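A.B. asks: Here you go, sequence then predicted model.
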Amino acid sequence: MSASVKKQLISALSRADYEFISGQALADLIGCSRTAIWKQIEELRKTGFEIEAIRKKGYRIITKPDRLSENEILMGLETKVLGRNILHFDTIDSTQTKANEEARNGAPEGMIIIAEEQTNGRGRMARQWHSSKHKGIWMSLVLRPNLSPDKAPQFTLITAIAVARAIEEATGIEPEIKWPNDILFKGKKMTGILTELQAEADKINFIIIGIGLNVNQETIDFPEDVRKIATSLAIENGGKVSRVVLLQYILKNFEKYYQLYVEKGFGPLKVIWESYVMSIGKSIIARTITGEIAGKALGITEEGVLKVEDDNGKIHYIYSADIEIKS
(Lines give C-alpha, C1' and ligand atoms only; values in the text may rest on other atoms or scores of the structure.)
Protein backbone atom coordinates (compact mmCIF):
# COMPACT_ATOMS: atom_id res chain seq x y z
CA MET A 1 0.00 0.00 0.00
CA SER A 2 1.18 3.51 -0.70
CA ALA A 3 2.22 5.90 2.05
CA SER A 4 -0.77 8.11 1.17
CA VAL A 5 -3.21 5.23 1.86
CA LYS A 6 -1.50 4.55 5.19
CA LYS A 7 -1.79 8.23 6.03
CA GLN A 8 -5.51 8.22 5.14
CA LEU A 9 -6.09 5.20 7.36
CA ILE A 10 -4.32 6.76 10.36
CA SER A 11 -6.19 10.01 9.77
CA ALA A 12 -9.60 8.28 9.60
CA LEU A 13 -8.99 6.28 12.78
CA SER A 14 -7.68 9.37 14.58
CA ARG A 15 -10.66 11.51 13.59
CA ALA A 16 -12.97 8.83 15.02
CA ASP A 17 -11.75 9.85 18.47
CA TYR A 18 -11.63 6.31 19.93
CA GLU A 19 -14.93 5.29 18.33
CA PHE A 20 -15.08 2.16 16.14
CA ILE A 21 -15.10 2.37 12.34
CA SER A 22 -16.05 -0.71 10.32
CA GLY A 23 -13.60 -2.24 7.90
CA GLN A 24 -16.07 -1.66 5.08
CA ALA A 25 -16.46 2.02 5.95
CA LEU A 26 -12.68 2.40 5.94
CA ALA A 27 -12.40 0.55 2.64
CA ASP A 28 -15.08 2.76 1.05
CA LEU A 29 -13.46 5.92 2.39
CA ILE A 30 -9.97 5.05 1.18
CA GLY A 31 -10.95 3.18 -1.97
CA CYS A 32 -9.52 -0.29 -1.36
CA SER A 33 -10.62 -3.74 -0.18
CA ARG A 34 -11.43 -4.79 3.38
CA THR A 35 -8.57 -7.30 3.13
CA ALA A 36 -6.20 -4.47 2.28
CA ILE A 37 -7.44 -2.53 5.31
CA TRP A 38 -6.81 -5.55 7.55
CA LYS A 39 -3.27 -5.97 6.19
CA GLN A 40 -2.52 -2.29 6.75
CA ILE A 41 -3.89 -2.47 10.31
CA GLU A 42 -1.41 -5.29 10.97
CA GLU A 43 1.42 -3.16 9.59
CA LEU A 44 0.43 -0.28 11.86
CA ARG A 45 0.46 -2.61 14.86
CA LYS A 46 4.04 -3.61 14.00
CA THR A 47 5.08 0.06 14.17
CA GLY A 48 3.65 0.55 17.66
CA PHE A 49 -0.02 1.43 17.14
CA GLU A 50 -2.39 -0.31 19.56
CA ILE A 51 -5.56 -0.92 17.53
CA GLU A 52 -8.59 -2.75 18.89
CA ALA A 53 -10.64 -4.88 16.49
CA ILE A 54 -14.11 -6.22 17.36
CA ARG A 55 -16.23 -8.30 15.01
CA LYS A 56 -19.20 -6.35 13.55
CA LYS A 57 -17.93 -3.11 15.10
CA GLY A 58 -14.64 -2.51 13.33
CA TYR A 59 -11.41 -0.88 14.41
CA ARG A 60 -10.32 1.90 16.74
CA ILE A 61 -6.99 3.31 17.86
CA ILE A 62 -6.23 2.84 21.56
CA THR A 63 -2.74 4.36 21.62
CA LYS A 64 -0.29 5.70 19.05
CA PRO A 65 3.47 5.15 19.11
CA ASP A 66 5.48 7.99 20.61
CA ARG A 67 7.36 8.61 17.40
CA LEU A 68 7.94 11.83 15.51
CA SER A 69 7.16 10.29 12.14
CA GLU A 70 6.03 12.30 9.13
CA ASN A 71 2.48 10.94 9.36
CA GLU A 72 2.11 11.77 13.05
CA ILE A 73 3.50 15.30 12.64
CA LEU A 74 1.39 16.20 9.60
CA MET A 75 -1.84 14.97 11.15
CA GLY A 76 -3.32 18.05 12.82
CA LEU A 77 -0.43 20.37 11.91
CA GLU A 78 -1.76 23.94 11.67
CA THR A 79 0.84 25.51 9.39
CA LYS A 80 1.01 26.48 5.75
CA VAL A 81 4.77 26.14 5.21
CA LEU A 82 6.72 25.07 8.29
CA GLY A 83 6.94 21.32 8.75
CA ARG A 84 5.24 20.50 5.46
CA ASN A 85 8.46 18.81 4.27
CA ILE A 86 9.94 16.39 6.78
CA LEU A 87 13.03 14.20 6.93
CA HIS A 88 12.73 11.83 9.89
CA PHE A 89 15.61 9.69 11.17
CA ASP A 90 15.70 7.06 13.86
CA THR A 91 19.35 7.89 14.57
CA ILE A 92 21.54 10.61 13.09
CA ASP A 93 24.81 12.25 14.03
CA SER A 94 23.37 15.78 13.99
CA THR A 95 20.16 17.20 12.54
CA GLN A 96 21.97 20.53 12.18
CA THR A 97 24.67 19.03 9.97
CA LYS A 98 22.07 17.26 7.81
CA ALA A 99 19.94 20.42 7.54
CA ASN A 100 22.92 22.43 6.30
CA GLU A 101 23.59 19.76 3.68
CA GLU A 102 19.94 19.72 2.57
CA ALA A 103 19.77 23.53 2.45
CA ARG A 104 22.87 23.72 0.25
CA ASN A 105 21.17 21.23 -2.07
CA GLY A 106 18.02 23.33 -2.39
CA ALA A 107 15.79 22.16 0.48
CA PRO A 108 12.58 24.24 0.52
CA GLU A 109 11.68 26.77 3.18
CA GLY A 110 10.05 25.14 6.17
CA MET A 111 11.69 21.73 5.83
CA ILE A 112 12.44 20.10 9.17
CA ILE A 113 15.04 17.44 9.85
CA ILE A 114 14.07 15.54 12.99
CA ALA A 115 15.56 12.54 14.75
CA GLU A 116 14.66 10.19 17.58
CA GLU A 117 18.31 10.27 18.64
CA GLN A 118 21.47 12.23 17.86
CA THR A 119 24.90 10.68 18.36
CA ASN A 120 26.76 13.97 17.96
CA GLY A 121 24.23 16.69 18.78
CA ARG A 122 25.78 20.10 19.23
CA GLY A 123 24.94 23.43 20.78
CA ARG A 124 26.56 26.86 20.73
CA MET A 125 30.36 27.01 20.72
CA ALA A 126 30.53 23.36 19.57
CA ARG A 127 29.30 22.10 22.95
CA GLN A 128 27.85 18.60 23.05
CA TRP A 129 24.07 18.24 23.38
CA HIS A 130 22.83 14.99 24.93
CA SER A 131 19.94 13.64 22.84
CA SER A 132 18.33 10.61 24.49
CA LYS A 133 16.42 8.31 22.13
CA HIS A 134 12.63 8.86 22.02
CA LYS A 135 12.91 11.33 24.92
CA GLY A 136 13.08 14.76 23.31
CA ILE A 137 12.64 16.93 20.24
CA TRP A 138 15.88 17.06 18.29
CA MET A 139 15.26 19.01 15.11
CA SER A 140 16.56 21.57 12.65
CA LEU A 141 14.47 23.93 10.54
CA VAL A 142 15.39 25.39 7.15
CA LEU A 143 14.37 29.01 6.52
CA ARG A 144 14.88 31.19 3.46
CA PRO A 145 13.70 34.66 4.52
CA ASN A 146 13.84 37.49 2.01
CA LEU A 147 15.77 39.67 4.45
CA SER A 148 19.22 41.18 4.82
CA PRO A 149 21.81 39.30 6.93
CA ASP A 150 21.61 41.83 9.78
CA LYS A 151 18.07 40.56 10.46
CA ALA A 152 19.25 37.00 11.14
CA PRO A 153 20.16 37.23 14.87
CA GLN A 154 16.54 37.99 15.82
CA PHE A 155 15.54 34.50 14.65
CA THR A 156 17.09 33.00 17.77
CA LEU A 157 14.81 35.21 19.88
CA ILE A 158 11.76 34.42 17.72
CA THR A 159 12.48 30.72 18.15
CA ALA A 160 12.73 31.13 21.91
CA ILE A 161 9.30 32.73 22.25
CA ALA A 162 7.74 30.16 19.90
CA VAL A 163 9.12 27.31 22.01
CA ALA A 164 8.23 29.00 25.32
CA ARG A 165 4.65 29.60 24.19
CA ALA A 166 4.39 26.00 22.93
CA ILE A 167 5.56 24.66 26.30
CA GLU A 168 2.87 26.73 28.02
CA GLU A 169 0.17 25.53 25.63
CA ALA A 170 1.13 21.86 25.86
CA THR A 171 1.86 21.59 29.59
CA GLY A 172 0.85 24.73 31.49
CA ILE A 173 4.46 25.11 32.62
CA GLU A 174 5.65 28.74 32.50
CA PRO A 175 9.27 28.70 31.29
CA GLU A 176 11.80 31.51 31.31
CA ILE A 177 14.11 32.65 28.52
CA LYS A 178 17.78 33.22 29.23
CA TRP A 179 19.34 35.45 26.58
CA PRO A 180 20.13 34.59 23.90
CA ASN A 181 19.21 30.97 23.32
CA ASP A 182 18.22 28.98 26.42
CA ILE A 183 14.85 28.14 27.94
CA LEU A 184 14.84 27.27 31.62
CA PHE A 185 12.44 26.29 34.37
CA LYS A 186 13.35 27.08 37.97
CA GLY A 187 16.89 27.78 36.86
CA LYS A 188 17.41 24.48 35.05
CA LYS A 189 17.88 24.25 31.32
CA MET A 190 15.33 22.39 29.22
CA THR A 191 15.88 23.84 25.74
CA GLY A 192 18.80 25.05 23.66
CA ILE A 193 18.62 26.87 20.33
CA LEU A 194 21.37 27.02 17.70
CA THR A 195 21.03 29.44 14.76
CA GLU A 196 23.39 29.21 11.78
CA LEU A 197 23.47 31.53 8.78
CA GLN A 198 24.62 31.19 5.18
CA ALA A 199 24.51 34.55 3.42
CA GLU A 200 26.00 36.93 0.92
CA ALA A 201 26.74 40.61 1.59
CA ASP A 202 23.15 41.75 1.10
CA LYS A 203 21.13 38.53 1.04
CA ILE A 204 20.34 35.60 3.32
CA ASN A 205 20.67 32.33 1.41
CA PHE A 206 19.33 30.25 4.28
CA ILE A 207 19.10 30.04 8.05
CA ILE A 208 19.24 26.76 9.95
CA ILE A 209 17.61 26.77 13.38
CA GLY A 210 18.39 23.85 15.64
CA ILE A 211 16.15 23.10 18.61
CA GLY A 212 17.01 20.63 21.35
CA LEU A 213 14.12 20.24 23.80
CA ASN A 214 14.17 17.86 26.76
CA VAL A 215 10.68 16.37 26.91
CA ASN A 216 10.33 12.97 28.56
CA GLN A 217 13.67 12.32 30.23
CA GLU A 218 13.88 11.15 33.79
CA THR A 219 16.76 12.40 35.93
CA ILE A 220 18.68 9.17 35.31
CA ASP A 221 18.65 9.84 31.55
CA PHE A 222 20.98 12.82 31.99
CA PRO A 223 24.74 12.37 32.40
CA GLU A 224 25.77 12.92 36.01
CA ASP A 225 27.62 16.14 35.26
CA VAL A 226 24.49 17.86 33.90
CA ARG A 227 21.79 16.59 36.29
CA LYS A 228 22.09 19.66 38.50
CA ILE A 229 21.66 22.09 35.63
CA ALA A 230 19.23 20.29 33.25
CA THR A 231 15.60 19.24 33.47
CA SER A 232 12.78 17.99 31.25
CA LEU A 233 9.11 18.74 30.80
CA ALA A 234 8.19 15.30 32.19
CA ILE A 235 10.21 15.90 35.36
CA GLU A 236 8.56 19.27 35.92
CA ASN A 237 5.11 18.25 34.68
CA GLY A 238 4.93 15.01 36.64
CA GLY A 239 4.26 12.82 33.62
CA LYS A 240 4.92 12.18 29.94
CA VAL A 241 4.22 14.89 27.37
CA SER A 242 3.22 14.24 23.76
CA ARG A 243 6.22 15.16 21.64
CA VAL A 244 4.07 15.34 18.50
CA VAL A 245 1.61 17.83 20.03
CA LEU A 246 4.46 19.91 21.44
CA LEU A 247 6.22 20.01 18.07
CA GLN A 248 3.00 21.03 16.32
CA TYR A 249 2.60 23.93 18.76
CA ILE A 250 6.21 25.00 18.15
CA LEU A 251 5.77 25.05 14.37
CA LYS A 252 2.40 26.84 14.58
CA ASN A 253 3.77 29.55 16.87
CA PHE A 254 6.99 29.95 14.93
CA GLU A 255 5.14 30.43 11.65
CA LYS A 256 2.91 33.07 13.26
CA TYR A 257 5.83 35.00 14.79
CA TYR A 258 7.96 34.62 11.66
CA GLN A 259 5.21 36.21 9.54
CA LEU A 260 4.77 38.98 12.10
CA TYR A 261 8.50 39.70 12.02
CA VAL A 262 8.60 39.92 8.22
CA GLU A 263 5.56 42.22 8.16
CA LYS A 264 6.18 44.50 11.17
CA GLY A 265 9.73 43.97 12.34
CA PHE A 266 10.94 42.86 15.76
CA GLY A 267 9.11 45.53 17.80
CA PRO A 268 5.90 43.56 18.55
CA LEU A 269 7.96 40.43 19.27
CA LYS A 270 10.33 42.25 21.60
CA VAL A 271 7.44 42.83 24.01
CA ILE A 272 6.57 39.12 24.00
CA TRP A 273 10.20 38.11 24.42
CA GLU A 274 10.71 40.41 27.39
CA SER A 275 7.65 38.91 29.11
CA TYR A 276 9.51 35.59 29.32
CA VAL A 277 13.07 36.77 29.94
CA MET A 278 14.63 36.14 33.34
CA SER A 279 17.63 38.46 33.34
CA ILE A 280 16.19 41.97 32.87
CA GLY A 281 16.93 44.14 35.87
CA LYS A 282 19.30 41.59 37.36
CA SER A 283 23.04 41.66 37.91
CA ILE A 284 24.81 39.48 35.39
CA ILE A 285 28.22 38.53 34.07
CA ALA A 286 28.44 38.39 30.27
CA ARG A 287 31.37 36.27 29.10
CA THR A 288 32.31 37.22 25.56
CA ILE A 289 35.20 36.13 23.36
CA THR A 290 37.06 39.32 24.38
CA GLY A 291 36.45 39.16 28.13
CA GLU A 292 33.87 39.54 30.89
CA ILE A 293 31.40 42.38 31.39
CA ALA A 294 29.61 42.65 34.72
CA GLY A 295 26.60 44.85 35.26
CA LYS A 296 22.83 45.18 35.21
CA ALA A 297 20.87 43.74 32.27
CA LEU A 298 18.64 46.51 30.91
CA GLY A 299 16.90 44.61 28.13
CA ILE A 300 17.45 44.21 24.40
CA THR A 301 17.49 46.55 21.43
CA GLU A 302 15.17 46.28 18.41
CA GLU A 303 17.93 44.16 16.86
CA GLY A 304 17.97 41.72 19.78
CA VAL A 305 21.27 42.97 21.20
CA LEU A 306 21.58 42.74 25.00
CA LYS A 307 22.18 46.03 26.85
CA VAL A 308 24.25 45.89 30.04
CA GLU A 309 25.03 48.84 32.31
CA ASP A 310 28.25 48.44 34.28
CA ASP A 311 29.01 49.92 37.73
CA ASN A 312 30.31 53.12 36.12
CA GLY A 313 27.05 53.73 34.25
CA LYS A 314 28.48 52.78 30.85
CA ILE A 315 26.11 50.89 28.51
CA HIS A 316 27.58 47.86 26.78
CA TYR A 317 25.96 46.21 23.79
CA ILE A 318 26.40 42.43 23.86
CA TYR A 319 25.99 40.55 20.59
CA SER A 320 27.08 37.11 21.75
CA ALA A 321 27.98 35.82 25.19
CA ASP A 322 27.39 33.28 27.90
CA ILE A 323 25.32 34.84 30.67
CA GLU A 324 25.59 34.14 34.39
CA ILE A 325 22.85 35.68 36.52
CA LYS A 326 24.20 36.85 39.87
CA SER A 327 20.98 37.95 41.55
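C.D. replies: That came through fine. Numbers count the residues shown, from 1 in each chain.
A.B. asks: make it CA atoms for all contacts and neighbour counts henceforth
C.D. replies: Noted.
A.B. asks: can you tell me which residues contact Met111?
C.D. replies: 82-87, 141-143 (C-alpha atoms under 8 Å, 6 or more residues apart in numbering).
A.B. asks: Not counting sequence-adjacent ones, nearest residue to it?
C.D. replies: Asn85 (4.6 Å; C-alpha to C-alpha, 6 or more residues apart in numbering).
A.B. asks: Could you name the specific helix or strand carrying Leu197?
C.D. replies: Element membership for Leu197 (DSSP states H and E) is strand 188-199.
A.B. asks: Could you double-check that the residue nearest to Met111 sits in contact with Ile114?
C.D. replies: No - contact between Asn85 and Ile114 fails when scored by C-alpha atoms under 8 Å: they sit 10.9 Å apart.
A.B. asks: and the two? which has more neighbours close in?
C.D. replies: Legend: neighbour count by other C-alpha atoms under 10 Å for Asn85 and Ile114, higher for Ile114 (29 against 17).
A.B. asks: Then Val163 would be within a strand, right?
C.D. replies: No - secondary structure assignment (DSSP: H, G, I helix; E, B strand; the rest coil) places Val163 in helix, not in a strand.
A.B. asks: Roughly how far does it sit from Lys80?
C.D. replies: To Lys80, Val163 is 18 Å away according to C-alpha to C-alpha, to the nearest Å.
A.B. asks: Could you count how many residues lie near Leu82?
C.D. replies: Number of residues near Leu82 (other C-alpha under 10 Å) recorded here: 23.
A.B. asks: burial count for the residue nearest to it when sequence neighbours are not counted?
C.D. replies: Nearest residue to Leu82 in three dimensions, chain neighbours excluded: Gly110, at 4.0 Å (C-alpha to C-alpha, 6+ apart). When neighbours are counted by other C-alpha under 10 Å, Gly110 registers 21.
A.B. asks: Reduced to three states, what does Gly110 come out as?
C.D. replies: Quick answer, by three-state DSSP: Gly110 is coil.
A.B. asks: Do I have it right that Tyr249 meets Thr171?
C.D. replies: No - counting by C-alpha under 8 Å, no contact exists between Tyr249 and Thr171, whose distance comes to 11.1 Å.
A.B. asks: the more surrounded of these two?
C.D. replies: Taking neighbours as other C-alpha under 10 Å, Tyr249 and Thr171 compare with Tyr249 leading, 23 against 17.
A.B. asks: buried stuff in the helix or strand hosting that one?
C.D. replies: Counting by DSSP H and E, the element that carries Tyr249 is helix 243-264. Under the neighbour-count criterion of 16 or more other C-alpha atoms under 10 Å, helix 243-264 has 243-255, 257-258, 261 buried.
A.B. asks: what does stretch 108-122 give?
C.D. replies: Applying 16+ other C-alpha under 10 Å to stretch 108-122 flags 108-122 as buried.
A.B. asks: Likewise for stretch 214-226?
C.D. replies: Neighbour-count burial for stretch 214-226 [16+ other C-alpha under 10 Å]: 214-219, 222.
A.B. asks: Hmm, which of these is lowest in pLDDT?
C.D. replies: Lowest in pLDDT among the buried residues of stretch 214-226 is Phe222, which has 89.
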